[in-house]
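>>> this is a predicted model, with the sequence first.
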Amino acid sequence: MDSQSNNVVVTRNPMLRVITSFKTPEILKTKRLKRSYRQIRTENVFRKTLVITALAILVLVLGILVTLVVQSIPSLKALGVGYLWGKVWDPVTNIYGAFPFLLGTLLTSFLALIISLPFSFAIAILLGEYHPKGWFSNLLKNAVELIAAIPSVIYGFWGLFVLVPIVRQLEIKLGVTPYGIGIFTSSLILAIMVIPYAASMGREMIRMVPSPLKEAAYGLGATRYEVIRSVILPYTKSGLFAGILLSLGRALGETMAVTMVIGNTSLIPTSIFSPGNTMASVIANEFTEAASTVYLSSLIELGLVLFLVTVVINMVGKRIIKRFTND
Amino acid sequence: MKIKSLKLAGIALALGSSVALFSCGGNGSQTTTSTDSTKTSEDAMLGAGSTFDYPLFSKMFSEYNKSNGLKVNYQSIGSGGGILQLTNKTVDFGASDAPLNDEQAQKMAVPALHIPVTAGAVVLSYNLPDMKDTLKLSPATLADIFMGKIKKWNDPKIAADNKGVNLPTNDIVIAHRSDGSGTTSIFTTYLSKVSSDWDSKVGKGSSVNWPAGLGGKGNEGVAGLIKQTPGAIGYIELAYAVQNNMTYAKVQNKAGNFITPSVASTSASANVQLPADGKVSLTNTEAADGYPITGFSWVIIYQEQNYNSRSMDRASKLVKLIWWMIHDGQQYSAALNYAPLPQAAVTVGENILKSATYGGKPVMQ
């Protein structure tokens, strides 16, 4: 849709281009046309600002990746690819291997996810379907959001002083060495910390299920449970899964709460109650005193591995979501 | 008209903020040059390093400020951090529980002076509430416990060290440091000296590959683990154990005597002939009544003080501070459970300080 007047073309085409010529003939000094020019320029400036801001974020993420890779080069040269499945972390002989920590991170995160899922889904369904409004809904919603707001150090302290003795009693009953701290305790604390993410996202998704769909099911004689099982959950599958992915991402990177209750050993965990270590926790503990170049570089390479693990899990998750939405 | 005035306002704001930013930038560059020459407006001395020394330094520096007027700002970021900051020339002195290793000395490139300022003991604290006698440990047993070879408290090897004592039957839970630390360095140096097995399998350093046990962050973390886990044993600084009323073991020294760790037995172990550069390991001391797991803590400065446009005044203030620390400052040690320096160490420290130079000429006249 173009309008033409006196050799100047003012286009309202979606592919707006900046009007390079400001030599407007006399006849165009009308208010309406001036405003059009201004609007076009504003439109362009706004769009450019948005693009620049987005590019800045991309540049930042790339910059982080590049920094991690560059700083890991001494360790990559010294240890090679074997770093990924190396089981020994020895600062004295400068031999490093990320496998125990990779295992610890994946174990604690997935275990935390599994423990937290029933609670997240229960809260999501309760708030989305049964109590979308009202005083109980507000109370529960605020409590769940508060869980996300509490700093992780406080979870670490609470875990150390409250949860660890309880787990120790459990271990004594089971006849295992009563460490108290270990993979199980840290998974428990992580589970509590990641509940809000899946719960909030789930709640939003469930509330967005269109009423006609639900009413149709009720009209056919379905009970509330049957509607949730057969109508709501299939409809919100991808959104719920995105919430799970968010929770997993949080669990993978959590440092402070985990490092206080996981036991900090570089040995491969033999059972669910044994102590272990996660990548984030090792970096936090050993970074300040890492004196030699290879040591420091190995820690940074550990950070790189964590970064890549997060990226891979996110990519796999997105694939699965796509599979859900296409079904 | 409205839009025109808005435009004018916008331009004025942009100009104003850019002027403010540039002028701030100018001031910023001025302050960076002043911190480069380690001068602050109050002319405070900057130090960083060992967390072990921190309680003692805290007291020393506040007393020095009262008597001398010089303010000293000490950051307890760990021995490794202190050496790093000294290498980057952002602090005047570093404090470390272990002397510079080869790689650190190489990074520093110029000679550094190590002045011993205090000595500390590493004690083995344990959690056996049913045991009324103090646990006795011989070096071989201690090494085997930490290697994970001895798994229960009533093992015959421990019983041999503690004749006639009813040992509990629970498992041994080992607590070690998860972060790099001078305390670990002292303890592993001792174990490497008394056990060739430990030396070959684990070695010594501020961070090692522990064969068994749980890690806690800092002295506090290890102390917390020991206090909470029944059957736990771990190593912490003497000052820490005393202040937290924890039970600790007697360790057998080279002469064969079981010594209780204390300020007196630490001083006795430090009463050895030091080499001229002050770097010596006190572990497994020859002294008959010395506790075997002890170590010096050093203050490290550059030998040539004329770097980064430092002034002679600042260099002499620094040397005077350290001189005071090894002489009058020692009176504050015992109350805080640090061992005062024996005379031999003070003499060596004096000679080392006298070798500090400014532009080739000695700082101390």
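Done, it's in. Numbers count the residues shown, from 1 in each chain, chains lettered A, B, ... in the order given.
>>> from here on, just use CA atoms for contacts and neighbour counts.
Will do.
>>> so where's the stretch 151-300 of chain B uncertain?
Along the stretch 151-300 of chain B, no part satisfies pLDDT under 70.
>>> residue ranges for the strands of it, please.
For the stretch 151-300 of chain B, the strands defined by DSSP state E, counting those that start in this stretch cover B:173-177, B:214-216, B:232-237, B:250-252, B:258-259, B:294-302.
>>> which of those sits closest to chain A?
Smallest distance to chain A across the strands of the stretch 151-300 of chain B (C-alpha to the nearest C-alpha): 4.6 Å, for strand B:214-216.
>>> and the strands of the stretch 151-300 of chain B: which comes nearest residue B:196?
For the strands of the stretch 151-300 of chain B, the distance to residue B:196 is smallest for strand B:250-252, at 17.3 Å, taking C-alpha to C-alpha.
>>> okay if I get the strands of the stretch 151-300 of chain B as CSV plus mean neighbour count and distance to residue A:136?
Output for the strands of the stretch 151-300 of chain B, formatted as CSV (neighbours: other C-alpha atoms under 10 Å in any protein chain shown; distance: least, C-alpha to C-alpha, whole Å):
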stretch, mean neighbour count, distance to residue A:136
strand B:173-177, 28, 46
strand B:214-216, 28, 42
strand B:232-237, 25, 46
strand B:250-252, 22, 60
strand B:258-259, 20, 65
strand B:294-302, 26, 60
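>>> looking at those, which is nearest to residue A:210?
When the strands of the stretch 151-300 of chain B are ranked by distance to residue A:210, counting by C-alpha to C-alpha, first place goes to strand B:214-216 at 52.4 Å.
>>> by contact count, what packs against the closest one?
When contacts are defined as 3 or more C-alpha pairs under 8 Å, 6 or more residues apart in numbering or on different chains; DSSP states H and E, strand B:214-216 sits against strand B:173-177, helix B:218-228.
>>> pick out the residue of the stretch 101-250 of chain A closest to chain B.
In the stretch 101-250 of chain A, the residue that lies nearest chain B is residue A:179 (6.4 Å; C-alpha to the nearest C-alpha).
>>> want to throw the helices and strands packed on strand B:214-216 into TSV with distance to residue A:260?
Compiled in TSV, the helices and strands packed on strand B:214-216 are given as follows (distance: least, C-alpha to C-alpha, whole Å):
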stretch	distance to residue A:260
strand B:173-177	12
helix B:218-228	8
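>>> tell me which stretches of the stretch 201-350 of chain B form helices.
Remark: helices of the stretch 201-350 of chain B, listed N- to C-terminal, are B:218-228, B:238-243, B:263-270, B:312-326, B:343-354; assignment by DSSP state H, counting those that start in this stretch.
>>> could you list the contact residues of the stretch 51-200 of chain A toward chain B?
Where proximity means C-alpha under 8 Å from any C-alpha of the partner chain, the interface of the stretch 51-200 of chain A facing chain B comprises A:88, A:89, A:90, A:91, A:92, A:165, A:177, A:178, A:179, A:180.
>>> the residues you listed in helices, which ones?
Among those, DSSP state H puts residue A:165 in helices.
>>> which pair in the residues of the stretch 51-200 of chain A next to chain B spans the largest distance?
The largest distance within these, taken as C-alpha to C-alpha, falls between A:92 and A:165 and amounts to 34.1 Å.
>>> pull the number of nearby residues for residue 89.
Answering for chain A, as no chain was given. For residue A:89, the count of nearby residues is 24 (other C-alpha atoms under 10 Å in any protein chain shown).
>>> hmm, I had chain B in mind actually
Burial of residue B:89, expressed as a neighbour count using other C-alpha under 10 Å, amounts to 18.
>>> distance of it relative to residue B:107?
Using C-alpha to C-alpha, to the nearest Å, one gets 12 Å for the distance from residue B:89 to residue B:107.
>>> in a markdown table, list the residues of the stretch 51-200 of chain A next to chain B along with distance to residue A:126 and pLDDT.
Converted to a markdown table, those look like this (distance: C-alpha to C-alpha, whole Å; pLDDT from 0 to 100):
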| residue | distance to residue A:126 | pLDDT |
| --- | --- | --- |
| A:88 | 47 | 90 |
| A:89 | 46 | 91 |
| A:90 | 50 | 89 |
| A:91 | 51 | 87 |
| A:92 | 54 | 85 |
| A:165 | 32 | 91 |
| A:177 | 40 | 84 |
| A:178 | 38 | 85 |
| A:179 | 37 | 87 |
| A:180 | 34 | 86 |
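>>> in TSV, list the residues of the stretch 51-200 of chain A next to chain B along with distance to residue B:309.
Rendered in TSV, the data for those read as follows (distance: C-alpha to C-alpha, whole Å):
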residue	distance to residue B:309
A:88	45
A:89	42
A:90	40
A:91	37
A:92	37
A:165	56
A:177	59
A:178	58
A:179	54
A:180	55
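>>> now, of the residues of the stretch 51-200 of chain A next to chain B, which are buried?
A:88, A:89, A:90, A:91, A:92, A:165, A:177, A:178, A:179, A:180 (16 or more other C-alpha atoms under 10 Å in any protein chain shown).
>>> the fourth one contacts residue B:207, correct?
So that's residue A:91. Yes - between residue A:91 and residue B:207 there is a contact at 5.9 Å, judged by C-alpha atoms under 8 Å.
>>> on the pLDDT front, check residue B:304 for me.
Per-residue pLDDT puts residue B:304 at 87.
>>> the nearest residue to it once chain neighbours are set aside bridge partners, please.
Leaving aside its sequence neighbours, residue B:304 sits nearest to residue B:357 (C-alpha to C-alpha, 6 or more residues apart in numbering or on different chains; 5.0 Å). According to DSSP bridges, the partner residues bridging residue B:357 are residue B:304, residue B:362.
>>> so who does residue B:357 touch?
Residues in contact with residue B:357, defined by C-alpha atoms under 8 Å, 6 or more residues apart in numbering or on different chains, are B:303, B:304, B:305, B:306, B:363.
>>> up against chain A, what does chain B have?
B:77-81, B:103-104, B:171, B:173, B:178-181, B:202-217, B:228-230.
>>> now for the helix or strand hosting residue A:38, which elements pack on it?
Under the criterion of DSSP states H and E, residue A:38 resides in helix A:31-79. Under the contact criterion of 3+ C-alpha pairs under 8 Å, 6+ apart, helix A:31-79 touches helix A:293-326.
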